[in-house]
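**Q** any chance you could fold what I've pasted below:
(2 chains)
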Amino acid sequence: MSDLKHVSSSPHIRHKTTTSHIMFMVIFSLMPATMFGIYNFGVSALMNIVVCVGLSVGSEFIYEKLMHKKVTVNDCSAALTGLLLALNLPPSATWWMSALGSVFAIIVVKQIFGGLGQNFMNPALAARCFLLISFTGRMTNFTYDGVSTATPLALLKSGESVNILDMVIGCTPGTIGETSAIALLAGASFLLIMGVIDLKIPASYILSFVAFITIFGGHGFDITYIVSHLAGGGLMLGAFFMATDYVTSPITAKGQIVFGILLGILTGIFRLFGGSAEGVSYAIIFCNMLVPLIERVTMPKPFGPDKKEVKANE
Amino acid sequence: MGLSTFKGGIHPNDGKNLSKDKPMKAIFPKGDLVYPLSQHIGVPAVPVVEKGQRVLEGQKIAEAAGFVSAPIYASVSGTVKAIEPRRVAVGDNVMSIVIENDGLYEAASYLKHKPYTELTKDEIRDIIKEAGIVGMGGAGFPTHVKLSPKEPNKIEYVIANCAECEPYLTSDYRRMLEEPEKLVEGLKIILQLFDNAQGILAVEDNKRDCIELLEKLTEKEKRITVKALKTKYPQGAERQLIFASTGRKINSKMLPADAGCVVNNVDTVVAVYHAVTEGKPLMHRIVTVTGNAVADPRNFIVRVGTDYAELIEEAGGFKKEPAKIISGGPMMGFGIFDLHIPVTKTSSALLCLTEDEVAKYEPTACINCGKCVEVCPGRVVPARLADYAQHSDRDKFLKNNGMECCECGCCSFICPAKRPLTQSIKSMRKMVLASRKK
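**A** Purely as a prediction, here's the structure:
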């Protein structure tokens, strides 16, 4: 009886895509934005990226070792968190800010809640907000070409004019990864084509945001105004790469659309009526916390006859 | 794509090329034949032979033990060697009749029936019941029960399930290609039971040659249409098939008859044909022996009771060491740990894979990606149901429609974290069903 074969419950075949494939594809899709950030902001951007990725992976490794858990750094999720955090930091952030943010993201937001799949907020954004509250001055000080300037969104808020072409290409001050709408869209199209993300969240987010600023922005349906709002700040990065984070977005299809609409409205409120010109990060982590509620009310109806049909038959 | 289908589903590598072009070949068993008394859903059959008794091919060896039950017939002539528990594909030991084959294939005299157009409805139902015909697609539900709904006049569609959506399987395909007239005649016999019904031959469009062949054959049949369905797993699942062919929806609590439908698998319809026109009980079925470990993948006409090991021998043995042997298809079949398992009325294939994909990947944490929700044809949330099942949270499992799962396996297949979702849900469903029976 030595020649017994494996048995297991059906199905006996599996799709080739694994969690680490998905994480790797997201990292790959962020490369255009990362490269552009380094080109745009120089060595300080590179330094921040290296510190964030290195320390995110490092702190996950050390935590899991200390807690005698299975080390899961191979799934690339910690590296992705680090990269996303770096792309959300201003290039002038100091190394210890990046380091603190990375450790906060991995240990406090992700591991303490149970590791991958258990965190209720996007770790990178939670860390960004943590830094934003703790070091407001440093986090909102944007230096571009050696001069401290305002971001296009801040200019827009104070009613000044902005150069749309620069914003779309990305030659503006801002956080490391958010400035180039083109680079972000290139990465996002890759994810859409590969089926890693779909349009439900980004499209409902962007459309509801556009609707909101058209109604409340005071400019009516002004294409220039709308495009500069879309290309400015963290909206593209947020809509395609952060809001679509699997763990912190609803699992149901309807829920994803509700989630996207809420994000659009909240971002609009924060940007137009809030104290800061930015609103994407806060909108996303706020909606992350609404996810269990959204899921509960958007559970799909199982396959079967509609209630009306059943009644008609009876 | 104008083809009818359902929402959800997956596109696994179909593996059908291995055995698709191999004609059906009848094989003669050499060793003992084993007939488990429970090859169908319902009450196990009761033996009507004794140890040492000589039986003929086509002789009844076990009698149906109730309405939802089916008799069993010897598929060879020989001597009853034992009536004892034997292991079957699902892993249980089931009381079985073992017959030593004398190699003479001496046949019992089969009843000659009138031409089927002259038979009454009840006569046809009785013939089908007596022939021991059960759903040969895999579930094994006694066919005469399916064909006896409460209100036969409300049946509007008789669907022949020719989808064969399960990867690697080509038994139904060969049957349709080589003996399409038997399928059409069988369907006509069933249609005779239902005055208000239309016949539908529902075929996945990866079998274009069958569609053309069947269309040509049914050109003059007013009551039969051929319906091409989109190639997608699980297109042949009963609820999905009914929806794709008629646009009607049923849930787990309903029977196809509640939507005016009766669904039968290709091989079952052909078995009805054999029983009614030739008086032959169910003794054979087509089994696809395939997989990349098999030297010469084939489609065999197999006598029920034949040992799986003999099928492998007929297919030239193994060319590579198999890592996993599956009775049935890769999505819903049963892993078996050795080859000494008998072919039953519901064994559609013997699949030998060189790689165990389940063991290759280790399950990791759920990342909430929602892919299982996207592919689920039952429109439930497998990731959540699996959690409830693992926590034995029966109430939440039921509240979130856990019983609507059809165990097709799409969620486990697609899951990037490689979690055994179907397995967890299946276990919970079994527990719930078992407690309801009490």
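**Q** residue ranges with poor pLDDT in the chain?
**A** Because you didn't say which chain, this covers chain A. Chain A contains residues with pLDDT under 70 at A:1-2, A:307-314.
**Q** not what I meant, chain B
**A** B:1-2, B:438.
**Q** other SSEs contacting the longest helix anywhere in chain A?
**A** Using DSSP state H, we find that the single longest helix of chain A is helix A:43-66. On a contact count with 3 or more Cβ pairs under 8 Å, 6 or more residues apart in numbering or on different chains; DSSP states H and E, helix A:43-66 meets helix A:31-41, helix A:77-87, helix A:95-103. For the C-beta atoms, the positions are set from N, CA and C on the backbone; glycine is no exception.
**Q** and among these, the most buried is which?
**A** helix A:77-87 (a mean of 28; mean count of other Cβ atoms under 10 Å in any protein chain shown).
**Q** hey, where'd the helices end up in the stretch 251-400 of chain B?
**A** All helices of the stretch 251-400 of chain B, identified by DSSP state H, counting those that start in this stretch, fall at B:266-273, B:308-314, B:357-360, B:371-375, B:382-390, B:394-399.
**Q** now the third one: buried residues?
**A** In other words, helix B:357-360. B:357-358 (16 or more other Cβ atoms under 10 Å in any protein chain shown).
**Q** ok, back up a step: can you list the helices of the stretch 251-400 of chain B in a markdown table and add distance to A:Asn163?
**A** What follows is the helices of the stretch 251-400 of chain B, written out as a markdown table (distance: least, Cβ to Cβ, whole Å):
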| stretch | distance to A:Asn163 |
| --- | --- |
| helix B:266-273 | 68 |
| helix B:308-314 | 73 |
| helix B:357-360 | 53 |
| helix B:371-375 | 41 |
| helix B:382-390 | 46 |
| helix B:394-399 | 55 |
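**Q** helix or strand for residue 215, which one?
**A** Assuming you mean chain A. For A:Ile215, the element it lies in under DSSP states H and E is helix A:200-216.
**Q** meant chain B actually
**A** helix B:208-217.
**Q** same for the helix or strand following that helix, what does it pack against?
**A** Per DSSP H and E, the first helix or strand lying C-terminal to helix B:208-217 is strand B:224-229. Strand B:224-229 sits against helix B:180-191, strand B:198-204, helix B:208-217, helix B:238-246, with contacts defined as 3+ Cβ pairs under 8 Å, 6+ apart.
**Q** and the helices in the stretch 51-200 of chain A?
**A** A:77-87, A:95-103, A:123-134, A:136-139, A:152-157, A:164-169, A:181-193, A:200-216.
**Q** how about the helices and strands packed on strand B:224-229, which one is nearest chain A?
**A** When these are compared by Cβ to the nearest Cβ, helix B:238-246 sits nearest chain A, at 6.4 Å.
**Q** mind giving me the packing neighbours of that closest one?
**A** Partner elements for helix B:238-246 (3+ Cβ pairs under 8 Å, 6+ apart): strand B:157-162, strand B:198-204, strand B:224-229, strand B:261-265.
**Q** let's check: the centremost residue of the chain is which one?
**A** Picked chain A for this. By Cα atoms, centre = their mean, chain A has its centre lying nearest to A:Met242, at 1.2 Å.
**Q** that's the wrong chain, I meant chain B
**A** Note: chain B centre (Cα atoms, centre = their mean) maps to B:Gly137, 1.6 Å.
**Q** ok, the residue nearest to that residue when sequence neighbours are not counted - contacts?
**A** Of all residues beyond its chain neighbours, the one nearest B:Gly137 is B:Asn265 (3.4 Å), with distances taken as Cβ to Cβ, 6 or more residues apart in numbering or on different chains. Applying Cβ atoms under 8 Å, 6 or more residues apart in numbering or on different chains to B:Asn265 gives the contacts B:135-137, B:160-161, B:172.
**Q** hang on, the earlier thing: how far out from the middle of the chain is the helix holding B:Glu215?
**A** For helix B:208-217, the separation from the chain centroid amounts to 22 Å (computed by Cα atoms, centre = their mean, to the nearest Å).
**Q** what's the answer for stretch B:220-237, then?
**A** 17 Å.
**Q** so what's A:Gln256 closest to, chain neighbours aside?
**A** Spatially, and ignoring its direct neighbours in sequence, A:Gln256 is nearest to A:Lys200 (4.2 Å; Cβ to Cβ, 6+ apart).
**Q** next: A:Leu132.
**A** A:Leu132 sits nearest to A:Met139 (Cβ to Cβ, 6+ apart), 4.8 Å away.
**Q** quick check: that neighbour vs A:Thr149, distance?
**A** Remark: distance between A:Met139 and A:Thr149 (Cβ to Cβ, to the nearest Å) = 15 Å.
**Q** can you mark which positions in the helix holding B:Glu215 are buried?
**A** By neighbour count on 16+ other Cβ under 10 Å, the buried set for helix B:208-217 is B:210-211, B:213-214, B:217.
**Q** same deal with stretch B:385-399?
**A** Those would be B:385-389, B:393, B:397, for stretch B:385-399 by 16+ other Cβ under 10 Å.
**Q** do stretch A:231-244 and chain B meet?
**A** No - judged by Cβ under 8 Å from any Cβ of the partner chain, stretch A:231-244 stays clear of chain B, getting no closer than 10.1 Å.
**Q** what residues does the stretch 101-250 of chain A put near chain B?
**A** So the stretch 101-250 of chain A meets chain B at A:115-118, A:246-250 (Cβ under 8 Å from any Cβ).
**Q** got a quick PyMOL command for the buried subset of these?
**A** In PyMOL, selecting the buried portion of these, with burial taken from 16+ other Cβ under 10 Å, looks like this:
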select buried, chain A and resi 115+116+117+246+247+248+249+250
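**Q** how far does the top helix by length along chain B sit from its chain's centre?
**A** Ranked by number of residues, the top helix in chain B under DSSP H is helix B:421-437. Taking Cα atoms, centre = their mean, one finds the center of helix B:421-437 at 21 Å from the center of the full chain.
**Q** quick one: it near chain A?
**A** Yes - on the criterion Cβ under 8 Å from any Cβ, helix B:421-437 is in touch with chain A at B:422-423, B:426.
**Q** that helix: which residues count as buried?
**A** Quick answer for helix B:421-437 (16+ other Cβ under 10 Å): B:421-429.
**Q** same thing with stretch B:62-69?
**A** Buried-residue list, stretch B:62-69, by 16+ other Cβ under 10 Å: B:62, B:64-65, B:69.
**Q** same question for stretch B:99-110.
**A** For stretch B:99-110, by 16+ other Cβ under 10 Å, it's B:99, B:101, B:108.
**Q** again, but for stretch A:109-126
**A** Neighbour-count burial for stretch A:109-126 [16+ other Cβ under 10 Å]: A:109-111, A:115-117, A:119, A:121-126.
**Q** same question, stretch A:295-304
**A** For stretch A:295-304, by 16+ other Cβ under 10 Å, it's A:295, A:298-300, A:302-304.
**Q** quick one on the thing from earlier: of A:Met139 and A:Thr149, who's got more company?
**A** A:Met139 (21 against 15; other Cβ atoms under 10 Å in any protein chain shown).
**Q** and the more buried one, how far from chain B?
**A** 29 Å (Cβ to the nearest Cβ, to the nearest Å).
**Q** pretty sure that residue is touching A:Asn88, no?
**A** No - taking Cβ atoms under 8 Å as the definition, A:Met139 is not a contact partner of A:Asn88, at 9.8 Å.
**Q** list the contacts for B:Ala244?
**A** B:4-6, B:202, B:227, B:229-230, B:235.
**Q** my bad, should have said A:Leu83
**A** Counted by Cβ under 8 Å, 6+ apart, A:Leu83 has contacts A:27, A:30, A:34, A:49, A:52-53.
**Q** between those, which has the most around it?
**A** Within these, neighbour counts (other Cβ under 10 Å) peak at A:Cys52, which reaches 31 neighbours.
**Q** how about that residue, what does it touch?
**A** A:Cys52 is in contact with A:82-83, A:85-86, A:89, A:98, A:101-102, counting by Cβ under 8 Å, 6+ apart.
**Q** would you mind giving the secondary structure of B:Val98?
**A** Per DSSP: H, G, I helix; E, B strand; the rest coil, the local secondary structure of B:Val98 is strand.
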